[in-house]
Each structure stands twice: as C-alpha cells, then as structure tokens.
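1. whatever this is, show me its structure:
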Amino acid sequence: MSFDRVLDESALFRICFVCTGNICRSPMAEAVFRSLVARAGLSDAIAVSSAGTGDWHVGEQSDDRTLDALRAHGLDGRSHRARQFDPEWFERLDLVVVFDRSQERILKAWAGNDLDRSKVQLLLGFDGEHTGSLDVPDPYYSDAAMFDQVLAMIERACTVLFRQVTPGISKGAS
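-> Here you go, the predicted model:
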C-alpha cells in the first residue's frame, strides 16, 4: 500500500504545507486550505498537500488531538496519512509553507537552487497583523487546548494566504 498522494500537476497553483512529522500542524493547514479552496470553487485550480521533514510517522494518521481540533471546526482530517517531503517535489510546487524556522532551514538546505529556496515561506509571515515570533508552536507535547490555539493561528494565516493567492488564480482559471 502506498501512502503517497499524487500532486495534481494540472492545477494552476500547487502548495505544500510542511511541518516536522506531518501529523499535527501541516495536516491542519492542509485541511483548512483545502476547505478554503473548495468553498471558493477552485479545487481544479489549486492543489494542496502536506508533508513532514522527518520520517517518524510516515503512513500514520494525524494525531488524535489534531483530528479532534479539526472536527470541532467542521473539518475532516481522517483520510490524511503522514509522508516525508521529497526535495524532488520542489520543481512541481509553487509554494512550500513551513511552520517554524527549523523547518525553514531544513527545506532551504534541501532546495537545489535559489528559485526553490524562494518557495519556502513561513506561514505566519503571510499574516501582516501577526506580532511576535513567526513560529507556529508544535502542539505535539502539549494538551488539546494548545491544539485548538495552534489551529486558530493556522486558520487565520491560511485565510490571509488564500486571499493573497486567489486573485491570480481566479484570473487564470477563467
């Protein structure tokens, strides 16, 4: 059985959210962004995926607390299976969104050229109203309340990112 999800290369814009293990933050962002894309009727134009920098959880479902937080916000993450980011994906992606500076360093080190390095961006960097650290905390070693707080941060930043991405997509999709 393969846990590799095929990226829709026919899409006009391809985004991958990357956290550490692909069981908490990046599956949250993938579910949130997919929902925004679907509600805007842009599912054929924007391909959304997620992955982790590490391979510890490959093939596993999201953390139960991730699934609970998503469900409480009307999102379903049950079909998610963790996978590790492959540097070969850079050429097929338009944007690689990370959640903290550690992931940013890893992905930029994996990138083979300046163009690919420029695709790696911190999620909270898109939220101009966010103050403080640009790192989204990893809720893995915390409680359910922290998962809810992290999901709220991700929802806000994904909404801002979506608003930045869609003007060009909407024009290209028509």
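2. how far does the helix ranked longest in the chain sit from the chain's center?
-> Criterion DSSP state H: the longest helix present in the chain is helix 144-173. Computed by C-alpha atoms, centre = their mean, to the nearest Å, the chain-centroid distance of helix 144-173 equals 9 Å.
3. cool, stretch 116-133 as well?
-> Mean-position distance between stretch 116-133 and its chain equals 12 Å (C-alpha atoms, centre = their mean).
4. got it, and stretch 69-82?
-> Distance of stretch 69-82 from its chain centroid, counting by C-alpha atoms, centre = their mean, is 13 Å.
5. then stretch 90-101?
-> The answer for stretch 90-101 is 8 Å, by C-alpha atoms, centre = their mean.
6. relative to residue 31, how far out is residue 37?
-> Distance, residue 37 to residue 31, by C-beta to C-beta, to the nearest Å: 11 Å. To be clear about C-beta, it is placed using only N, CA and C from the backbone, and glycine gets the same treatment.
7. more neighbours, the two?
-> Neighbours per residue, other C-beta atoms under 10 Å: of residue 37 and residue 31, the larger number sits with residue 31, 30 against 23.
8. the more buried one contacts residue 76, correct?
-> Yes: between residue 31 and residue 76 there is a contact under C-beta atoms under 8 Å: 7.2 Å.
9. report the secondary structure state of the nearest residue to residue 14 once chain neighbours are set aside.
-> Once flanking residues are discounted, residue 14 sits nearest to residue 47: 4.5 Å by C-beta to C-beta, 6 or more residues apart in numbering. When classified by DSSP: H, G, I helix; E, B strand; the rest coil, residue 47 comes out as strand.
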